[in-house]
Each structure stands twice: as C-alpha cells, then as structure tokens.
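> fold the following for me, if possible:
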Amino acid sequence: MKRLYRLDNERKIAGVCAGLGEHFDADPLIFRLFFLLSVFFGGFGILAYLIMWVMVPLKGSSASQQPVAGRLHLSNTNRKIAGVCGGLGEYFVLDAILFRICFLVLALYCGAGVLLYFVLWLLVPRAPAPPSGASASPA
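Residues are numbered from 1 along each chain as shown. I've put the predicted structure just below:
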C-alpha cells in the first residue's frame with residue numbers, strides 16, 4: 001500500500017504538495033494551485049494545508065535529487081530573472097523566449113503577467129542542481 005509523505009527535497013513551504021504529487025503520480029503544481037485557489041473560497045485551503053503539514057510525516061531527503069521527468073521545474077540554466085520562462089520552455093520543449101513574450105504582453109495588457117510570473121515563481125520548485133561530477137565543460 002502506498003503511503004502519503006511530505007517530501008523534503010521538492011518542497012516550497014512544507015512539502016505537502018510535493019508529497020501529494022508523488023502519491024498521486026501528478027505534478028505538484030496542480031495541488032499548489034488547488035490550495036491557492038481554495039484560499040479565495042472560504043480559506044479552506046489554508047486549514048487543509050496546515051492540517052496536512054502537521055499530520056503527514058516527512059519522508060526526508062534520501063530520495064533522488066534528479067528532477068522527475070514530466071514535472072515542471074524552474075530552470076537552473078535558462079534563466080533571466082527566476083527561471084520561470086526557462087522552466088516552461090524545457091517542460092513544453094519550446095523556446096523560452098515565447099513564454100517571455102507572453103508574460104510581457106500580459107503585463108502590458110492588464111498587469112496579469114507580473115502576477116502570474118510571481119505566482120509561478122513561488123509555486124514551482126527549482127530543479128535540483130546536477131551532481132558536482134557532471135559539471136558542464138566551458139564552451
């Protein structure tokens with residue numbers, strides 16, 4: 001039987017959403033957005049998150065430090081500000097400049113681009129750094 005744990009190595013606050021993502025084999029971003037949106041509908045999300053933070057045990061950082069395939073991460077290599085657009089580009093296998101243009105247009109049109117970028121920066125985990133032995137050679 002599969003147990004639910006909080007994950008220490010992919011956490012943003014307490015690892016609840018990362019643990020839910022691992023348990024249900026889904027992207028933790030889905031759970032982060034759910035908790036964020038539920039705050040606007042009576043604050044149930046904060047209460048549920050706090051209860052899970054206290055009740056769900058921590059798995060620890062013994063898990064692999066490699067990014068899980070199919071999960072959205074902030075980019076460590078293709079970043080201008082925080083790695084959001086680079087991470088989206090790597091996830092969707094598109095050029096990150098397309099996402100940068102979209103955020104810029106949304107920022108100029110209604111200001112939502114700045115808010116969306118900031119929310120993604122807070123919700124999406126950073127990709128783990130590659131092992132020190134696998135450093136890239138200078139080009």
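> now do the same contact list for the residue most central in space within the chain.
What sits nearest the mean C-alpha location of the chain, by CA atoms, centre = their mean, is Val124, with 1.9 Å. Val124 makes contact with 29, 72-74, 84, 87 under the criterion CB atoms under 8 Å, 6 or more residues apart in numbering. C-beta here means a position set from N, CA and C on the backbone, and glycine is covered the same way.
> just Ile30 next, same as before
Gly21.
> give me that answer again for 7 Å
Listed by CB atoms under 7 Å, 6 or more residues apart in numbering, the contact set of Ile30 is empty.
> and the lengthiest helix in the chain, what does it pack onto?
Counting by DSSP state H, the longest helix found in the chain is helix 96-109. Helix 96-109 is packed against helix 84-92, helix 112-123, with contacts defined by 3 or more CB pairs under 7 Å, 6 or more residues apart in numbering; DSSP states H and E.
> domain ranges for this structure?
Structural domains annotated on the chain: 1-61, 72-129, as defined by automatic domain parsing.
> could you export the ones you listed to a markdown table, including columns for mean pLDDT?
Conversion of those to a markdown table gives the following (pLDDT from 0 to 100):
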| stretch | mean pLDDT |
| --- | --- |
| domain 1-61 | 81 |
| domain 72-129 | 81 |
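> re the thing from before, let me know which of the helices and strands packed on helix 96-109 is tucked in deepest.
helix 84-92 (a mean of 21; mean count of other CB atoms under 10 Å).
> who does that one touch, helix- and strand-wise?
Contacts of helix 84-92 with other secondary structure elements, assessed using 3+ CB pairs under 7 Å, 6+ apart, are made with helix 96-109, helix 112-123.
> out of those, nearest to Trp53?
Each of the helices and strands packed on helix 84-92 has some distance to Trp53 by CB to CB; the shortest is helix 112-123, at 16.2 Å.
> residues making contact with that closest one?
Around helix 112-123, the neighbours that count as contacts under CB under 7 Å, 6+ apart are 12, 29, 32-33, 82, 84, 103-107.
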